[in-house]
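1. Test case, fold it:
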Amino acid sequence: MRLSDIVLLLNSLWFGGAFIQFSIAQANTLKILLPREERSNPIAPTLAASVAFLGGMNLPIGLLSFYLLVARPLFFQPVEAQLTLFLFFSACHFSQFAYNLPVLMRGGRVGVAYWPVLKGPMLRIFVIDAGLFAANLAVALQLAIAS
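-> All right, here's what the predicted structure looks like:
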């Protein structure tokens, strides 16, 4: 299995998992985002429902990764197409990683605001998105150098 195949598989699993987390397990996501004392806040159900959009955005990215891995469509054969798509996947992971950086710089959860980036599930998300950003970028760089 080539590095690009491994990265596509990891993309598929990660973005598919994000769909499940945000669109199907909304109540669980709410527990990650809100401190216990704020979960009875009247706005909490709206927040839980709104994270479904995050899952909706992650699902097609995961499906695209899976499709490219399994079907190897003709349009994905040229190096330029592969380079473009791995840069796209890298940007997807970077955006999710980068939006946690300001939260991390503030020290994570501040009172009832934000979420704890340096512990629990958010740390795992932060680290995996950073790793997959780098992995997708590495494949893109490898393709650029080889072409």
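2. Return the helix or strand in this protein with minimum mean pLDDT.
-> Sorting the helices and strands of the chain by mean pLDDT, DSSP states H and E puts helix 101-105 at the bottom, at a mean of 82.
3. mind listing what's buried in stretch 136-147?
-> For stretch 136-147, the neighbour count (16 or more other Cβ atoms under 10 Å) marks 136-137, 139-140, 142-143 as buried. Placement of C-beta: from N, CA and C, glycine included.
4. Tell me which residues are up against the least confident helix or strand of the chain.
-> 114-115, 117-118, 126 (Cβ atoms under 8 Å, 6 or more residues apart in numbering).
5. Now do the helices in the protein.
-> Using DSSP state H, the helices of the chain run over 3-19, 26-33, 44-50, 52-71, 79-98, 101-105, 120-146.
6. Where among those is average confidence lowest?
-> Note on these: helix 101-105 shows the lowest mean pLDDT, a mean of 82.
7. quick one: it to chain centroid distance?
-> Distance, stretch centre to chain centre, for helix 101-105: 17 Å (Cα atoms, centre = their mean, to the nearest Å).
8. list the buried ones in that helix?
-> The neighbour-count check on helix 101-105 (16+ other Cβ under 10 Å) flags residue 103 as buried.
9. next one: stretch 50-58
-> Buried residues in stretch 50-58, counted by 16+ other Cβ under 10 Å: 51, 54-55, 57-58.
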